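[1] model the structure of this input:
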Amino acid sequence: INENLPESKDIKDVDDTVDKQPEPNMKKPYTTWSNDTDDEEANWGKSSFNTHKPSFKKALEEIAFMNDAIIESQKKDKKKACWEGYHQEGMKKKGDKQVPNCVPNNKSKADEQTKFKTEEEIRKEKHEAAKKKKKKIWDKARQQGIGRAWYEKADKKIISEFERDQTASKVTGVDSYDGFNSVDVVIEAVFEDLDLKKNIVKQIESSTPDHTIFASNTSSLPISKIAEGAKRPENIIGMHYFSPVQKMPLLEIITTEDTADWVTQTAFQVGVKQGKNVIVVGDGPGFYTTRILAPYMNEALTLLEEGASIEFLDKIMKDFGYPVGPMALFDEVGIDVGAHVAETMAPMFAERGVESTNKADELLEAGFKGRKNKRGMYKYSSGKKKEVNTEIYSYFGGSNRTNPDKETAQLRMALTMVNEAAWCLEEGILKYPTDGNLGAILGLGFPPFLGGPFRYIDQQGVQNVVDRLNSYVDKFGPRFKPAQILVDYAKEGKKFHG
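    Just a heads-up that it's a prediction; the model follows:
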């Protein structure tokens, strides 16, 4: 209609246009109308047209007026070509067309490119912004050690970012026990302080239902000590994870005489669902893994005190088959943790006439904690290969080092671990030799090709192992006294594996 309208808003022109419109030629059932017909139906048609003709003319008038108003508005106010908050500064080419160059009010032309974007460009920008925000969150988590394993796996494409975020969404941080009334299992992992752990047991028991299991991730404290004074000692169990948890495949479950069977089974299934290889051991200082590691580390420190160098001790034990040497392991575990374990284990070893070195405690007091504070047996600098920390030697007889016989040093360290494993089987800490083999290999890095401590004894011959230990008793002291079970098996010609 607009194309046929006159450019002028003159009402007379509009009237002329309307008058020139052809009148309808109404065919049957209506008769052709004429001004002089008396046909009722034809006259009704004409009458109807005449009735609505003024209304039609008025509509055309309004359309013409609106058309001119829009043209005038666009001519007078070019700001209308831009969104609210923007104004036009000339024209610019976009594709084959000239479009208004809209820029934000009170902003430079540098921002004008953000005005004309496709939906796809906007979607991509939002996606990139979300990725940057997510990366900042995960960077912070990585720095603080929270979810670091998820971040690293996603970074290495082991898992997708979706899988990482899906797993992370299952974790909720809290600063109170609100909501613990529906928790089935609580795994405590605070520092190795007996009073602290006992206090947490009381808090958990007062905030959880009667069926809730309390599992302590202690590495050396007896579970029976932690359960002293508990309302539900049958629900308390040990679940000892190994560091780094996301990489170490072993879970050591520790039961007491009071631990209910269903609690043990539940903890076992939790470990299996976490992808761990699970062993169940009895309660006692250090349980199994920490207990057999303690004399191994003690012997390494004794050799260091006798004059061996740090790099020598690490190299010979890696040659023996361990993935890392005892000095590097000391730094990884933490000298502070080592000192605490030595303190916990010392009374038990003293009952057998075994004297433990207190060098770890001396190093801790001097500020050495290992890798965690970059001060340990080695120096740790970002981007550089670790170097031996010669400052350590001042606590072990000075910087002049004299390395002992390689094989003797290897066997002194290895046999202390093997012999202690036999002590654990003798005392009932271990139920089966196979559990001892699995725990030593997966938890402590005992050379897997040797099959574990008990396979090693069988391969070497029980009598040969007993003889070697007795010879070391004469040379180095009572800490090498063979376990009675070894002596008995040697006499009877028995093996640990049929």
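[2] buried residues of stretch 468-486, list them for me.
    Of the residues in stretch 468-486, those with enough neighbours to count as buried (16 or more other Cβ atoms under 10 Å) are 468-469, 472, 479-483, 485-486. In short, each C-beta sits where N, CA and C put it, glycine included.
[3] with stretch 297-314 instead?
    By neighbour count, with 16+ other Cβ under 10 Å as the criterion, the buried positions of stretch 297-314 are 297-304, 307-314.
[4] okay, stretch 485-498 in PDB with CA atoms only?
    Once side chains and other backbone atoms are set aside, the C-alpha atoms of stretch 485-498 remain, and they are given as PDB (Å, rounded to 0.1, in the frame of the first residue of the first chain):
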ATOM      1  CA  ILE A 485      59.300 -68.100  63.200                       C
ATOM      2  CA  LEU A 486      62.400 -67.900  60.900                       C
ATOM      3  CA  VAL A 487      64.400 -70.100  63.200                       C
ATOM      4  CA  ASP A 488      61.600 -72.600  63.500                       C
ATOM      5  CA  TYR A 489      61.000 -72.800  59.700                       C
ATOM      6  CA  ALA A 490      64.800 -73.200  59.200                       C
ATOM      7  CA  LYS A 491      64.800 -76.200  61.600                       C
ATOM      8  CA  GLU A 492      61.800 -77.800  60.100                       C
ATOM      9  CA  GLY A 493      62.800 -77.100  56.500                       C
ATOM     10  CA  LYS A 494      59.500 -75.300  55.800                       C
ATOM     11  CA  LYS A 495      58.700 -72.500  53.400                       C
ATOM     12  CA  PHE A 496      56.200 -69.700  53.500                       C
ATOM     13  CA  HIS A 497      54.800 -70.700  50.100                       C
ATOM     14  CA  GLY A 498      54.100 -74.300  49.200                       C
END
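[5] measure how far that stretch is from the centre of its chain, please.
    From the chain centre to the centre of stretch 485-498 is a distance of 46 Å (Cα atoms, centre = their mean, to the nearest Å).
[6] flag every buried residue along it.
    Going by neighbour count (16+ other Cβ under 10 Å), the buried part of stretch 485-498 is 485-487, 489-490, 496.
[7] now that stretch: average pLDDT?
    Stretch 485-498 shows a mean pLDDT of 95.
[8] rewinding a little: just name the closest of the buried residues of stretch 468-486 to residue 421, please.
    Using Cβ to Cβ, residue 483 is the member of these that sits closest to residue 421, with 8.6 Å.
[9] that closest one and residue 415 touch, don't they?
    No. Assessed by Cβ atoms under 8 Å, residue 483 is found out of contact with residue 415, at 11.3 Å.
[10] okay, and the common contacts of these two?
    Common neighbours of residue 483 and residue 415, using Cβ atoms under 8 Å, 6 or more residues apart in numbering, do not exist here.
[11] could I get the buried residues of stretch 468-486 as TSV with distance to residue 434 and secondary structure?
    Compiled in TSV, those are given as follows (distance: Cβ to Cβ, whole Å; DSSP: H, G, I helix; E, B strand; the rest coil):
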residue	distance to residue 434	secondary structure
468	24	helix
469	23	helix
472	27	helix
479	27	helix
480	25	helix
481	25	coil
482	21	coil
483	18	coil
485	16	helix
486	17	helix
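[12] got a markdown table for those, with distance to residue 395 too?
    A markdown table is the format used below for those (distance: Cβ to Cβ, whole Å):
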| residue | distance to residue 395 |
| --- | --- |
| 468 | 30 |
| 469 | 29 |
| 472 | 25 |
| 479 | 21 |
| 480 | 25 |
| 481 | 28 |
| 482 | 31 |
| 483 | 32 |
| 485 | 37 |
| 486 | 34 |
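[13] ranges for the strands of the stretch 151-300 of the chain?
    If you assign secondary structure with DSSP state E, counting those that start in this stretch, the strands in the stretch 151-300 of the chain sit at 185-188, 213-216, 236-241, 250-255, 277-282.
[14] those strands into CSV, with extra columns for mean neighbour count?
    Conversion of the strands of the stretch 151-300 of the chain to CSV gives the following (neighbours: other Cβ atoms under 10 Å):
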stretch, mean neighbour count
strand 185-188, 17
strand 213-216, 24
strand 236-241, 25
strand 250-255, 24
strand 277-282, 21
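[15] dump those to CSV, plus distance to residue 223.
    Conversion of the strands of the stretch 151-300 of the chain to CSV gives the following (distance: least, Cβ to Cβ, whole Å):
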stretch, distance to residue 223
strand 185-188, 11
strand 213-216, 6
strand 236-241, 4
strand 250-255, 5
strand 277-282, 10
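[16] where does the stretch 1-150 of the chain have low pLDDT?
    Judged against pLDDT under 70, the low-scoring parts of the stretch 1-150 of the chain cover residues 1-81, 83-85, 106-119, 126-127, 129-147.
[17] show the average pLDDT along the helix or strand where residue 319 lies.
    In this structure, residue 319 is located in helix 310-320 according to DSSP states H and E. In this model, helix 310-320 has a mean pLDDT of 97.
[18] what's in contact with the next helix or strand after that helix?
    Past helix 310-320, further along toward the C-terminus, the next helix or strand under DSSP H and E is helix 326-333. Residues outside helix 326-333 that contact it (Cβ under 8 Å, 6+ apart): 243, 296-297, 300, 304, 310-311, 313-314, 317, 324, 338, 360, 370-371, 376-378, 413, 445.
[19] rewinding a little: which pair in the buried residues of stretch 485-498 spans the largest distance?
    Looking at these by Cβ to Cβ, the two members farthest from one another are 487 and 496, with 13.9 Å of separation.
[20] what's the neighbour count on residue 460?
    Counted with other Cβ atoms under 10 Å, residues neighbouring residue 460 total 14.
[21] residue 463 too?
    Here the count is done by other Cβ under 10 Å, and residue 463 has 14 residues near it.
[22] what about residue 209, distance to residue 447?
    Using Cβ to Cβ, to the nearest Å, one gets 46 Å for the distance from residue 209 to residue 447.
[23] comparing those two, which shows the higher neighbour count?
    The residue with more neighbours, out of residue 209 and residue 447 and counting by other Cβ under 10 Å, is residue 447; that gives 17 against 11.
[24] ok, now which ones touch that one?
    Here residue 447 is in contact with 320-322, 441 (Cβ under 8 Å, 6+ apart).
[25] which one of those is nearest to residue 395?
    residue 322 (23.8 Å).
[26] I'd say the closest one and residue 449 touch.
    No. Because the distance of 11.4 Å does not satisfy Cβ under 8 Å, residue 322 is recorded as not touching residue 449.
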